[in-house]
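**Student:** based on what follows, work out the 3D shape:
(2 chains)
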Number of protein chains: 2
Amino acid sequence: MEGSGDNSSPGFTPLVVLELASDTKEEAIQWLLNRIEDSQQNGGAELLVKQLGPGVSAEEKENPNIFLVGSSRQRLLSGAEDVGLFKEFSDGSMRAFTCANKHNFRDFKGDGDSFFSMAECQYIVKHELDTLRAKDETHVPGHSQVKLYPGKSIIRRLQSKGILIQMFPLHEKEELKRLCFSWYKKVKFTFQPLDDIRHYFGEGQAFYFGFLEYFTFALLPMALIGLPYYLFDWEDYDKYVVFAVFNLVWCTVILELWKRCSASLAYRWGTLSRKRAFEEPRPGFHGILGFNPVTGREEPLYPTAKRHLRIYLVSLPFVLLCLYMSLYVMMIYFRMEGWALSIHSEEPTFWTEILLYIPSVIYAVVIEIMNLLYRYAAEFLTEWENHRLESSYQNHLVLKVLVFNFFNCFASLFYIAFIMHDMALLRQSLATLLLTSQILNQFMEAFLPYWLQRRRNKKMIHKLKRRRTLEDKELPLEEQVRLEASMSTYLGTFDDYLEQFLLFGYVSLFSCVYPLAAVLVVLNNITEVYSDAFKMCRVFKRPFSDPAANIGVWQLAFEAMSVIAVVTNFALIGMSPQVRAYFPESETHLILWTVAIEHGLLAFKFILCFLIPDVPKYIQIKLARLEFESLEALKKKKMLEASELRKVEQ
Amino acid sequence: MEGSGDNSSPGFTPLVVLELASDTKEEAIQWLLNRIEDSQQNGGAELLVKQLGPGVSAEEKENPNIFLVGSSRQRLLSGAEDVGLFKEFSDGSMRAFTCANKHNFRDFKGDGDSFFSMAECQYIVKHELDTLRAKDETHVPGHSQVKLYPGKSIIRRLQSKGILIQMFPLHEKEELKRLCFSWYKKVKFTFQPLDDIRHYFGEGQAFYFGFLEYFTFALLPMALIGLPYYLFDWEDYDKYVVFAVFNLVWCTVILELWKRCSASLAYRWGTLSRKRAFEEPRPGFHGILGFNPVTGREEPLYPTAKRHLRIYLVSLPFVLLCLYMSLYVMMIYFRMEGWALSIHSEEPTFWTEILLYIPSVIYAVVIEIMNLLYRYAAEFLTEWENHRLESSYQNHLVLKVLVFNFFNCFASLFYIAFIMHDMALLRQSLATLLLTSQILNQFMEAFLPYWLQRRRNKKMIHKLKRRRTLEDKELPLEEQVRLEASMSTYLGTFDDYLEQFLLFGYVSLFSCVYPLAAVLVVLNNITEVYSDAFKMCRVFKRPFSDPAANIGVWQLAFEAMSVIAVVTNFALIGMSPQVRAYFPESETHLILWTVAIEHGLLAFKFILCFLIPDVPKYIQIKLARLEFESLEALKKKKMLEASELRKVEQ
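**Tutor:** As a prediction, this is how the structure comes out:
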């Protein structure tokens, strides 16, 4: 934890930045600062706040209402207990931190300086700010339209009413430099520094990068098998049975192994057995004031029936309409394809050869655009469904987006494979779709942000040069904070996981007809690591860390895809000339056998999922030991109390 | 809690009976009694023990080593805390009982007399006896071959070495009379008194009877639809499509609803959120002494690899061999069937008509016998696999028995339906199998025990008459205990669930071709309730209550069966002439469509399982509230401690 700028008082380390709207009333600001600094007994957050001084370019129109929030060491310790942070105990196990026990935790030295990472401190401060609740105020002083009621989270209300523009944690320059260097600055063949990523960005981010790495490594055998298939033309459309069977086993096994891998990471990072705190309502949630049946606190309530009406009568038809439109666009694509083919067959030249690929490229671009547009619509609709919890909002959003993207990306491939039975077109279409979407993605994700970042940096240097000449000198804290405030906000791992999900689909569903797919995905993912790492470190504001214990709903999504992959691969196997040769007399027998074996394999897959324990044995033992020890300690305590009671009675 | 016999001292209520072998050394008995009566601080169980006096028929050769175990009220309270018993709190919620809070529990009056049911007291005493551990003894005094090591459960070692012949809880005459009366003595159309059953026998039993009742009611609509189908000959083998679709939906829905129903029951009985204690090794488990990685205690260890070798190299081949034999017997049955058919078609008379049913009846009897023999083999094998935990032993046993019974009972039906395509034979075979197995079961379960019971009662009355003349007088405690000790031991709900599982299979898999099946199962289950209730109350020793939170592994078994039912029903639908009429030109199209719709339905089924919450909303809210309150209380406590600390520092 470094960060003493030139004007920060000793002992105050700025952790989190609050930016209020520039037209906020002075009394509202004063009231908020008081509440933040007030002691916990009076219902305050007991944190430290400082206003940010004017920057070097004070002559310009700048927002003066930027505040830095810090915390005393003591407060951080008690806050860590509030949020249920897990730290490494002296015996090497991960345990929930308690102040009473603090000296038994490894790395706790002196009065606990540098015991928590800065990301942890920021997470604690965020939690304390989020749970700062209104007492008997009916509205924010000076803003009578911003209503409050006892128990309402002040920060969330300010956020939803636009008074609090943003709240974000500060970067650590030195740490970040070190992380960048070990992560992506040098080209090397080592694993990513996952522990350092977790240390700086938190568990949620680290899980994404861990999954990305795992998935890329898991694709390697497929790429290695696929490459000779492609180079030496082994497939001829009928040798792909072996590859399909391999696909089938592969996609089941890697997901099961990832679960175990993920449990190991979560245990190491102390999030595996950590309890989630009670979720507050989302900032945008609205309803009529009532009493929450769980907490007994006053809180807006929104009838579930009404939400279900919105979901089933508006959202569901809308999604179906979008699916229909996607189908319509697909049909246009097939007409274009047919038109291009007819031109080529009439008078085949080099140009008509190229023309053959044009419809697929256009279709791929249209698919990306439709996905993007749909994404906005889905966000709007899910927001409008008015979910109480962020997790429920996320689940509904993910479901909507997944179904559409799956349909949009793969419908044409399914159509080509199972209705048109045209394996040559399937291969060409798959290749074009995959390549185009990869190129588009890389451009949107890497080059665009890089270019924006360069432009912004130049502007900042230009601005500084007006006052200072020493270019290599570090930015003063004021400038640093304002620079970070102007950076884009990182919107979570949603899009990154979605991209991997679609890539997984391309590979597991159809790659047996285009074995190069795995190779392309591996190449894509290697650049993806670098571009995502760069984005995280240089382009976006630092995100608050998110104590995830796994990749959440995405595990389910990938597993669903792997079940679909089993069915698809079996259908492809059943259609292959090789297999058909075994049943020369009757197609019915062929299909019945294929279906029977497929059912058996699906059953086997589910049994396998059930048999392989999700948590590795050694972690199960460690967790059981912890539980046992705490039970034993409780028993001993009770026995002591009972014997003391007996002494008193005698 | 009544039970003061003529010679039991005031304040001592006998709860549990320990019967030691008659050749047990006197010093071993003395040592055991001392350990049981010793205070907890000295590592004893702090319970009360009394030797049972000689019975009225002392002249006969009777075992003198029968001991009655009781407990002081105070000990029961602290024991309830040890086992984590849930009781109703004053606000109506179910909470873990704690002595410190005892006055806040509903029905806790005075010093807690009659606060616990006798079944609960017996469960507590059993737990305390089971966890009575050896200190530094290396063997049981007087029996040097019965080795002990620090931490070994004394009772389990005595059990496995045959010194402790049995340990069982006593019946309560008055309670039992009342329960019998409300349960099965009067024929009425009300629900079973599940709460009373739970009160007397514990949650495990109550869950079985609850499931039996639920399942029977769930079958009613099917029986109501099936009856006219049968009576008015609606089916003609081709009208069964409607019935198959109904089957399909029905078996998914009832299992989902049962889960919710089961959660409600478990919440009401306080077992839903109760934590399972650490499982001790089974009595029969053996291995080389080592240290348990979880508890750190000395304990026999048996390498998992060795157990896996035994499972995969011996048990698995054995099961496969049994399956093969079952297949072989099936083939003999089909040969007999063909032979009977040929005789009948040569010269059809009334007797040859009857002869047609003979092979099925013989086959049904053979199936039952094979099931029984296999059962013993499976128990022996699973015992030999040397599982450390009772739960793991049970899971392996259930798996073995289920697979074989499923195969044994249904293989011939599958063969007839999908290989022979003979719907008339399928119907005849199903009817014969179902009826024969029901008749056999009812005989084994109801008449046989009833007859044995009558014989035993007569013997006892005869014995008593030799000394007393008053026949209606209550049995003295000594006689009562000896009578109960001679009753058969109830072996758990395994066989009862297994029977229901097979009936569920008959109904859900094939009942569309024989709609009377549901009616037969309903009738069977109504008598089943009475015969099982009679068995529990009159034939068997009282079992220790088992704090179950659901029907355990059987839920999974029923769900697996319902998935198989979807596939089977769809195959039957695809084979029906009605559906075939839609695809007159191509069989391939018919099959592809059937398979596609079946896949869609299976997917829908899994999504439905996922969407319907397993625990009803109102219970979720109650559980969340409890958790929230305990968190808030903890927070308040910490805040108080912190402010006190601050005062001290000042």
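
**Student:** which bits of chain A sit near chain B?
**Tutor:** Contact residues (C-beta under 8 Å from any C-beta of the partner chain) of chain A with chain B: A:40-41, A:78, A:81-82, A:278, A:293-296, A:567, A:587-588, A:591-592, A:595, A:599, A:621, A:624-625, A:628, A:631, A:635, A:638-639, A:642-643. Just so you know, the C-beta spots here come from the backbone N, C-alpha and C atoms, and that holds for glycine as well.

**Student:** any of the residues you listed buried? List them.
**Tutor:** A:40, A:78, A:81-82, A:294, A:567, A:587, A:591-592, A:595, A:599, A:625, A:628, A:638, A:642 (16 or more other C-beta atoms under 10 Å in any protein chain shown).

**Student:** list the buried residues in the strand or helix carrying A:C251.
**Tutor:** Taking DSSP states H and E as the criterion, A:C251 maps to helix A:240-268. Neighbour-count burial for helix A:240-268 flags A:240-241, A:243-244, A:246-248, A:250-252, A:254-256, A:258-260, A:262-263, A:265-267 (criterion: 16+ other C-beta under 10 Å).

**Student:** need the contact list for the residue lying closest to A:S315 once chain neighbours are set aside.
**Tutor:** In space, and not counting its chain neighbours, A:S315 is closest to A:L381: 5.1 Å by C-beta to C-beta, 6 or more residues apart in numbering or on different chains. By C-beta atoms under 8 Å, 6 or more residues apart in numbering or on different chains, A:L381 lies in contact with A:314-315, A:318, A:400.

**Student:** repeat the analysis, applying 10 Å as the threshold.
**Tutor:** Shown in contact with A:L381 (C-beta atoms under 10 Å, 6 or more residues apart in numbering or on different chains): A:310-311, A:314-315, A:318-319, A:396-397, A:400.

**Student:** what two of these are the furthest from one another?
**Tutor:** Distances among the contacts of A:L381 were taken as C-beta to C-beta; the most separated pair is A:V314 and A:L397, at 15.0 Å.

**Student:** tell me which of these two has more neighbours.
**Tutor:** The neighbour comparison of A:V314 against A:L397 (other C-beta atoms under 10 Å in any protein chain shown) goes to A:L397, with 20 against 13.

**Student:** now do the contacts for that one.
**Tutor:** A:375, A:378-379, A:381-383, A:385, A:387, A:494, A:553.

**Student:** how much space separates A:E353 from chain B?
**Tutor:** 36 Å (C-beta to the nearest C-beta, to the nearest Å).

**Student:** distance from the helix or strand hosting that residue to the middle of the chain?
**Tutor:** Element membership for A:E353 (DSSP H and E) is helix A:350-355. Relative to its chain's centre, helix A:350-355 lies at 42 Å (C-alpha atoms, centre = their mean, to the nearest Å).

**Student:** same question, stretch A:198-217
**Tutor:** 10 Å.

**Student:** for it, what is the average pLDDT?
**Tutor:** The average pLDDT within stretch A:198-217 is 93.

**Student:** please save the CA atoms from that stretch in PDB.
**Tutor:** Provided in PDB are the C-alpha atoms of stretch A:198-217 (Å, rounded to 0.1, in the frame of the first residue of the first chain):
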ATOM      1  CA  ARG A 198      -6.200 -11.800  -8.100                       C
ATOM      2  CA  HIS A 199      -4.200  -9.700  -5.800                       C
ATOM      3  CA  TYR A 200      -4.600  -6.700  -7.900                       C
ATOM      4  CA  PHE A 201      -8.000  -7.100  -9.600                       C
ATOM      5  CA  GLY A 202      -9.800  -9.600  -7.300                       C
ATOM      6  CA  GLU A 203     -11.100 -13.200  -7.800                       C
ATOM      7  CA  GLY A 204     -13.700 -12.500 -10.500                       C
ATOM      8  CA  GLN A 205     -11.100 -11.200 -12.900                       C
ATOM      9  CA  ALA A 206      -8.600 -13.900 -12.000                       C
ATOM     10  CA  PHE A 207     -11.200 -16.600 -12.700                       C
ATOM     11  CA  TYR A 208     -11.800 -15.200 -16.100                       C
ATOM     12  CA  PHE A 209      -8.100 -15.200 -17.000                       C
ATOM     13  CA  GLY A 210      -7.700 -18.600 -15.400                       C
ATOM     14  CA  PHE A 211     -10.500 -20.000 -17.500                       C
ATOM     15  CA  LEU A 212      -9.200 -18.400 -20.600                       C
ATOM     16  CA  GLU A 213      -5.800 -20.000 -20.100                       C
ATOM     17  CA  TYR A 214      -7.300 -23.400 -19.100                       C
ATOM     18  CA  PHE A 215      -9.600 -23.400 -22.100                       C
ATOM     19  CA  THR A 216      -6.700 -22.500 -24.500                       C
ATOM     20  CA  PHE A 217      -4.500 -25.300 -23.100                       C
END
